[in-house]
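1. What would the 3D arrangement of this be:
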Amino acid sequence: MKSYREIFSVKSYETDHNGLFKPFSFLNHAQEMANIHAHTLGFGYDNLISTGVVWVLSRFHIKFQRLPVWKEEVSMETWHKGSDRLFGFRDFLAHDSGNNEIISATSSWLIIDYKTRRLQKIESILGTSFKGENQKDAIQEPAERLTSPKEMTFSRTRVVSLSDLDINGHTNNARYFEWAIDSLPFELTKEMTIREMWLNFNNESLPGESVDLYTSVDPDIFIEGKRGDTSIFQLKIKGQPIG
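-> The predicted structure is shown next:
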């Protein structure tokens, strides 16, 4: 199966205060669909955990041509594009009921040892040829490595709680986006919709750890979560006014 597709209607709990599909909700759909498709190809979570390794999401680049609204039907597709030495690449496309492209994304994934957390070469786990590889681009260039602005302002501290954790025992990737958005002034975000965003997941955070959030809003919105001097995640956003 070269790609995996789901059709769903946007639920009320997947929308923001403007009734628009939240990027957080997109990230949740993307993670679940990635695992389902990888499982059908023989290298999903259940396939890898038995050998002591797991996939972790490293980078994401997402373009929102338009955010769907509450109750709108969305068709979303994902496929994997093979790998280099360390990264496995997976793309996503979402269309509305008129078959108009509304969201495009590319992501980069790593394989780590579940116990030691050390990176593993993909070819040492999956071999040199990916089953079901699909050389189609939603976004051609891989998600980039971000560089934080020199001047950033401390916003708040988050402590990793039980509700933040995923099946790998660390903070779920999508939760970092929620943390980041919550660290911005409401007046800045209430009339803004996200047009494009980049996410880097640099280190994991574990239960009870504190993550300090720093922000910059000129020229683009940039949020970084840090544990001391260690970067946990970075988020860059290009927004536009609603309407």
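
2. Give me the nearest residue to Arg117, chain neighbours excluded.
-> Taking C-beta to C-beta, 6 or more residues apart in numbering, and ignoring the residues beside it in sequence, Arg117 has Glu204 as its nearest neighbour in space, at 7.1 Å. For glycine as for every other residue, the C-beta is placed from the backbone atoms N, C-alpha and C.

3. Which secondary structure element is home to that neighbour?
-> Counting by DSSP states H and E, no helix or strand carries Glu204.

4. what about it, how many neighbours?
-> The local packing of Glu204 (other C-beta atoms under 10 Å) involves 18 other residues.

5. Thr171 is in contact with that one, correct?
-> Yes: the criterion here is C-beta atoms under 8 Å, and Glu204 meets it with Thr171 at 6.9 Å.

6. which intervals of the chain have sub-threshold pLDDT?
-> Per-residue confidence for the chain (pLDDT under 70) gives these ranges: 128-131, 243.

7. From the recorded domain assignment, give the ranges for it.
-> Domain assignment for the chain, taken from automatic domain parsing, gives 1-143, 145-243.

8. Do a quick rundown of the helices in the chain.
-> Secondary structure of the chain by DSSP state H: the helices cover 23-41, 45-49, 122-126, 173-182, 186-189.

9. closest to Gln140 out of these?
-> Gln140 sits nearest to helix 23-41 of all those, at 18.2 Å, using C-beta to C-beta.

10. other SSEs contacting the closest one?
-> Judged by 3 or more C-beta pairs under 8 Å, 6 or more residues apart in numbering; DSSP states H and E, helix 23-41 is in contact with strand 4-9, helix 45-49, strand 53-64, strand 73-83, strand 88-95, strand 101-113, helix 173-182.

11. For these, give me CSV that also has mean neighbour count and distance to Leu213.
-> Listed next are those as CSV, based on neighbours: other C-beta atoms under 10 Å; distance: least, C-beta to C-beta, whole Å:
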stretch, mean neighbour count, distance to Leu213
strand 4-9, 14, 31
helix 45-49, 15, 29
strand 53-64, 21, 18
strand 73-83, 19, 29
strand 88-95, 22, 26
strand 101-113, 20, 23
helix 173-182, 21, 6
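
12. and those as CSV, adding distance to Leu119?
-> Supplementary listing: those in CSV, determined by distance: least, C-beta to C-beta, whole Å:
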stretch, distance to Leu119
strand 4-9, 26
helix 45-49, 14
strand 53-64, 9
strand 73-83, 13
strand 88-95, 12
strand 101-113, 6
helix 173-182, 17
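
13. Select, out of the ones you listed, the one closest to Lys22.
-> Distances from Lys22 to each of these were compared by C-beta to C-beta, and the smallest falls on helix 173-182, at 8.7 Å.

14. Dump the C-alpha coordinates for the closest one into PDB.
-> Output in PDB follows, covering the C-alpha atoms of helix 173-182 (Å, rounded to 0.1, in the frame of the first residue of the first chain):
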ATOM      1  CA  ASN A 173       5.200  16.000  20.100                       C
ATOM      2  CA  ALA A 174       1.800  17.600  19.500                       C
ATOM      3  CA  ARG A 175       1.800  18.800  23.200                       C
ATOM      4  CA  TYR A 176       4.900  21.000  22.500                       C
ATOM      5  CA  PHE A 177       2.800  22.900  19.900                       C
ATOM      6  CA  GLU A 178       0.100  23.500  22.600                       C
ATOM      7  CA  TRP A 179       2.700  24.700  25.100                       C
ATOM      8  CA  ALA A 180       4.200  27.000  22.500                       C
ATOM      9  CA  ILE A 181       0.900  28.600  21.500                       C
ATOM     10  CA  ASP A 182      -0.200  29.000  25.100                       C
END
